[in-house]
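>>> here is a sequence with its predicted model. Questions after.
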Amino acid sequence: EKGSAPAIPVDPRFDIAYVTPVTIGTPPQTLYLDFDTGSSDLWVFSSHTLASQVRGQMIYSPEKSTTAKLLAGHTWSIRYGDGSGSLGNVYTDNFTVGGVTVTSQAVQTAQQVSTSFTSESDIHGLVGLGFSTLNTVYPNGQLTFFDNAKSQLDSPVFTADLKWKKEGTYDFGFIDETKYTGEITYLPVQTDPGYWTFTSSGYAVGDGSFNQVSISGIADTATSLTYLPTAVVTSYWRQVEGAVNSQYYGGYVFPCSSKLPSFTFGVGSANITIPGSYINYAQITEGSPTCFGGLQSSSGLGINIWGDVALKAAFVVFNGGNPPTIGWARK
Ligand SMILES: CCNC(=O)c1c(-c2ccccc2)csc1NC(=O)CNCCc1c[nH]c2ccccc12
């Protein structure tokens, strides 16, 4: 089996996140969910979510699904690094993405969500695509959609082809050769604690020289920006006239009129180049001449994150084989 589904940017002005249509239950209920390689809970806004915390999101109502079954005695509660979070109960039900159906997928129904989720009306929940060890369901951890679907897929892989301000795709079970150029470079993945963690071989700013330095980080489809070591990030922003690391805005800001240099990162003996335009993330407020950078320091996070700003410059293969690997190709 194999499937393909769109990755739709949530806000056409800047790519905060990407959502993908899924159907849950019988008859099928359609929700748009954020596919997240940086976590492993599949949770949705639901008929159980506090009404005051729902603002326009589509919801999953298990009581309207003839195939929904309560996973009695199970609860979940997740806290993301940015301080957001959600919690609730668990059902199993039919879950379909791009034609691939898992018949008893654990669907975590939210009873409560934090304000950043309430305020994002276009995101109706998350589909965790990290390793199932990260799943927060208690007392028995549940499997991700990918782990459940793997055995029925032609190949135990999924790919991310995210695009700058345009619709991209997530493919399941196959690698679409028309979506990339050249070769795919596969790197080993550290699966502990459960992220897709790999080591980049270095970086270059614009057409400057390449700096051979190992940068271990996670490939995270649900983090908008890219967070790298301070030394790397300062050498990038040093090339931009008027760029400052603002305490007030919590990161590097710069004049929107700047022509930003590209950023190249090594993947084995190959490399991926992020165009400067992708690093001009957004105006700090509507109409402001000051813009917020898509490349920020990871100091304080405790982890380097290759988020959407980096991923949308590449075709990425998440290979769930034994052992798991991650593949990168230019496109
Ligand atoms: C900015 C969201 N990312 C994180 O918090 C995060 C961090 C992290 C750690 C410390 C400080 C900031 C971030 C490490 S791994 C990691 N990645 C994840 O946790 C992946 N899941 C993010 C889900 C998520 C959190 N807030 C949202 C708002 C909109 C859409 C999705 C989300």
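Cool, got the structure. Because the structure is a prediction, the values reported are computed rather than measured.

>>> pull the number of nearby residues for the closest residue to the ligand within the stretch 1-150 of the chain.
Closest residue of the stretch 1-150 of the chain to the ligand, CB to the nearest ligand atom: G81 (2.0 Å). From N, CA and C alone the C-beta is placed, and that goes for glycine too. Using other CB atoms under 10 Å, the number of residues around G81 comes to 14.

>>> try Q247
Residues near Q247, counting by other CB under 10 Å: 7.

>>> how about it, phi and psi?
phi -60, psi -40 (degrees, to the nearest 10).

>>> renumber starting at 57 from here on
I'll keep to 57 as the first residue from here, and by that count the last item is Q303.

>>> ok, which residues in this protein are in contact with the ligand?
Listed as neighbours of the ligand in the chain under the rule CB under 6 Å from any ligand atom: 73, 90, 92, 94-95, 136-138, 140, 172, 176, 179, 276, 278-279, 357, 359, 361.

>>> I'd like to know which of these are buried.
The neighbour-count test (16 or more other CB atoms under 10 Å) marks 73, 90, 92, 94-95, 136, 176, 179, 276, 278-279, 361 as buried among the residues of the chain next to the ligand.

>>> before we move on, the earlier item: from Q85, how far off is the residue of the stretch 57-206 of the chain closest to the ligand?
30 Å (CB to CB, to the nearest Å).

>>> ditto for V296
Distance, V296 to Q85, using CB to CB: 46 Å.

>>> got it, and L218?
26 Å.

>>> who's more crowded, these two?
Using other CB under 10 Å as the criterion, L218 and Q85 rank with L218 on top: 24 against 20.

>>> how about the secondary structure of that one?
Assigned state for L218: strand (three-state reduction, DSSP: H, G, I helix; E, B strand; the rest coil).

>>> secondary structure element for T290?
helix 286-293 (DSSP states H and E).

>>> chain center to that helix: distance?
23 Å (CA atoms, centre = their mean, to the nearest Å).

>>> now for the helix or strand that that helix is followed by, which elements pack on it?
Counting by DSSP H and E, the element after helix 286-293 in chain order, helix or strand, is strand 300-302. Under the contact definition 3 or more CB pairs under 8 Å, 6 or more residues apart in numbering; DSSP states H and E, strand 300-302 sits against strand 307-311.

>>> average model confidence for the strand it packs on?
The average pLDDT for strand 307-311 rounds to 98.

>>> dump stretch 147-161 to PDB, restricted to CA.
The C-alpha coordinates for stretch 147-161 follow below in PDB (Å, rounded to 0.1, in the frame of the first residue of the first chain):
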ATOM      1  CA  TYR A 147     -10.200   6.300  21.700                       C
ATOM      2  CA  THR A 148      -9.200   3.900  18.900                       C
ATOM      3  CA  ASP A 149     -10.900   4.400  15.500                       C
ATOM      4  CA  ASN A 150     -10.300   4.100  11.800                       C
ATOM      5  CA  PHE A 151      -7.700   6.700  10.700                       C
ATOM      6  CA  THR A 152      -7.000   7.500   7.000                       C
ATOM      7  CA  VAL A 153      -4.300   9.600   5.400                       C
ATOM      8  CA  GLY A 154      -3.900   9.900   1.600                       C
ATOM      9  CA  GLY A 155      -5.700   6.500   1.100                       C
ATOM     10  CA  VAL A 156      -3.800   4.600   3.800                       C
ATOM     11  CA  THR A 157      -6.100   3.400   6.600                       C
ATOM     12  CA  VAL A 158      -5.200   2.100  10.000                       C
ATOM     13  CA  THR A 159      -8.200   0.500  11.600                       C
ATOM     14  CA  SER A 160      -7.500   0.800  15.300                       C
ATOM     15  CA  GLN A 161      -5.400   3.900  15.600                       C
END
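
>>> residues of that stretch that come out buried?
Neighbour count says stretch 147-161 has 147-154, 156-158, 161 buried, by 16+ other CB under 10 Å.

>>> re earlier: in strands, which of the residues of the chain next to the ligand appear?
90, 92, 361 (DSSP state E).

>>> got the residue ranges for the helices in the protein?
171-174, 201-205, 286-293, 332-335, 364-367 (DSSP state H).

>>> of the ones you listed, flag the one that's most buried.
Among the helices of the chain, helix 364-367 has the highest mean neighbour count (mean count of other CB atoms under 10 Å), at a mean of 27.

>>> so how far is it from its chain's centroid?
9 Å.

>>> let me see the mean pLDDT of it.
98.

>>> how about stretch 80-92?
Stretch 80-92 comes out at a mean pLDDT of 98.
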